[in-house]
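> pasting a predicted model and its sequence here:
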Amino acid sequence: MSDLSDKTIQAYDGLLTGLLQAYSPSHQERPASEYLASWMQSAGYDRAFVDDAGNAVGILGDGPREIVLLGHIDTVSGKIDVQIIDGKLYGRGSVDAKGPLATFTAAALQAGRQPGWRIVVIGAVEEEAATSKGARFAYWRAEPVGSVDAWLQRPLAAGLPRITHFEPHRRACAYRP
Ligand SMILES: [Zn+2]
């Protein structure tokens, strides 16, 4: 988008760099979650916090309809120095999946509040582990059906959450009509 100021672009670049610098292999996500929550708080999200599973959660706007944008904040282990070489940013998780997470954290803010919608951005823990603890916690809170699998198997019906995209390892997006 050409209408972003240099300051805004710097803030968004800084978000990803900061996330990469907060080394966060599975089960050690706390510093990264706290970083992301505090970034969202100061950047203008209405609410931002670390939830009981350790996920970073940011909320924009309010309303009867909800969009959840969920990506994972943990990485596989093994540090990679955070640096820019020939215009490319390197660091553990830069592609999988802090890059996408930072992108939609910024994009939701840039798009702004939408009448009638609550937009929830989640940096989930334990997606590079087999547990998917963060995503499961988020889904249970959204609709207490007992498990993500049960939720996925539900028939689509008006008023029920509807998952439009779910890849356990990568990211999930839920849409509640
Ligand atoms: Zn991943």
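Received the coordinates, thanks.
> list, one by one, the residues from this structure near the ion.
Residues of the chain lying near the ion by CB under 5 Å from the ion: 96, 97. Just so you know, the C-beta spots here come from the backbone N, C-alpha and C atoms, and that holds for glycine as well.
> now the helices for the chain?
For the chain, the helices defined by DSSP state H cover 6-21, 30-43, 98-111, 133-142, 148-153.
> could you tell me how far residue 43 is located from the ion?
Separation of residue 43 from the ion (CB to the ion, to the nearest Å): 24 Å.
> poorly predicted segments of this structure, please.
1-2, 140-177 (pLDDT under 70).
> about what we covered before: of the helices of the chain, which is nearest residue 73?
Of all these, helix 30-43 sits nearest to residue 73, with 5.1 Å by CB to CB.
> and the closest one, what does it pack onto?
helix 6-21, strand 47-50, strand 56-60, helix 98-111, strand 117-124 (3 or more CB pairs under 8 Å, 6 or more residues apart in numbering; DSSP states H and E).
> coming back round to it: any chance of the helices of the chain in JSON lines, plus distance to residue 58 and mean neighbour count?
Below are these laid out as JSON lines (distance: least, CB to CB, whole Å; neighbours: other CB atoms under 10 Å):
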{"stretch": "helix 6-21", "distance to residue 58": "11", "mean neighbour count": "16"}
{"stretch": "helix 30-43", "distance to residue 58": "4", "mean neighbour count": "19"}
{"stretch": "helix 98-111", "distance to residue 58": "7", "mean neighbour count": "20"}
{"stretch": "helix 133-142", "distance to residue 58": "12", "mean neighbour count": "20"}
{"stretch": "helix 148-153", "distance to residue 58": "21", "mean neighbour count": "14"}
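> wait, which of these is closest to residue 80?
Taking CB to CB, helix 6-21 is the member of the helices of the chain nearest to residue 80, at 8.4 Å.
> now the helices and strands packed on helix 30-43 in CSV, with distance to residue 71?
CSV is the format used below for the helices and strands packed on helix 30-43 (distance: least, CB to CB, whole Å):
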stretch, distance to residue 71
helix 6-21, 11
strand 47-50, 15
strand 56-60, 10
helix 98-111, 4
strand 117-124, 6
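> right, so of these, which gets closest to residue 84?
Nearest to residue 84, of those and by CB to CB, is helix 6-21 at 8.7 Å.
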